[in-house]
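**Student:** Next one to model:
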Amino acid sequence: MKAKNNPKVIADTCIWVEFFRTKSETSNCLRDLIANNLVAGVGIIIAELLQGIKTHREHEIVLDVFNVIEYLEITKDVWIEAGMLSRRLRSQGKTIPLSDITIACCAKKHQYQVFTIDNHFHAIQDITSIPFFSR
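**Tutor:** Residues are numbered from 1 along each chain as shown. I've put the predicted structure just below:
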């Protein structure tokens, strides 16, 4: 499970959903990364997770985990880069959720890798230098 360059990652929402709901190779990998203090979170991921929870207990679990890992603020520069990247992708006929683009731009700013299984990120990776984590 070696990462290239900086070993720290921002795990995308789809990775967190798998982490909280299943026992899989992906969730085990994230668990190992958390144990080694190699995972950072951002607000947009917390919001996406909280919008999908069903119980108060799930709410507590999500917040407990995000209180333990590093938290990265999404700065104005990241929002600007995300908007420009979204525009560039749209000009190529690719409509990618702004949340995914913002996560990728935040990872780039902090020189972290994106840990994802979401195909939207392939389109982002095709035109940027954003590093992606592979197990």
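
**Student:** So what's the residue count around the spatially closest residue to Ile34 that is not a sequence neighbour?
**Tutor:** Leaving aside its sequence neighbours, Ile34 sits nearest to Ile69 (CB to CB, 6 or more residues apart in numbering; 6.2 Å). The C-beta positions use only the backbone N, C-alpha and C, and glycine is treated the same way. Summarising burial for Ile69: neighbours were counted as other CB atoms under 10 Å, giving 16.

**Student:** quick one: the strands in the protein?
**Tutor:** Secondary structure of the chain, counting by DSSP state E: strands at 9-11, 39-42, 70-72, 113-115.

**Student:** With distance to Asp100 and mean pLDDT added, can I get these in TSV?
**Tutor:** Putting the strands of the chain into TSV (distance: least, CB to CB, whole Å; pLDDT from 0 to 100) gives the following:
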stretch	distance to Asp100	mean pLDDT
strand 9-11	11	97
strand 39-42	12	98
strand 70-72	16	97
strand 113-115	9	95
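
**Student:** Turn these into TSV, including distance to Cys106 and mean neighbour count.
**Tutor:** Rendered in TSV, the data for the strands of the chain read as follows (distance: least, CB to CB, whole Å; neighbours: other CB atoms under 10 Å):
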stretch	distance to Cys106	mean neighbour count
strand 9-11	6	25
strand 39-42	5	22
strand 70-72	6	15
strand 113-115	9	24
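
**Student:** In CSV, list these along with distance to Ile96.
**Tutor:** Rendered in CSV, the data for these read as follows (distance: least, CB to CB, whole Å):
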stretch, distance to Ile96
strand 9-11, 16
strand 39-42, 16
strand 70-72, 20
strand 113-115, 13
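
**Student:** what does the longest helix that the chain contains rub up against?
**Tutor:** Secondary structure of the chain read by DSSP state H shows that its longest helix is helix 76-91. Identification of contacts with helix 76-91 by CB atoms under 8 Å, 6 or more residues apart in numbering yields 95-96, 98, 101-102, 104-106, 108-109, 123-124, 127-128.
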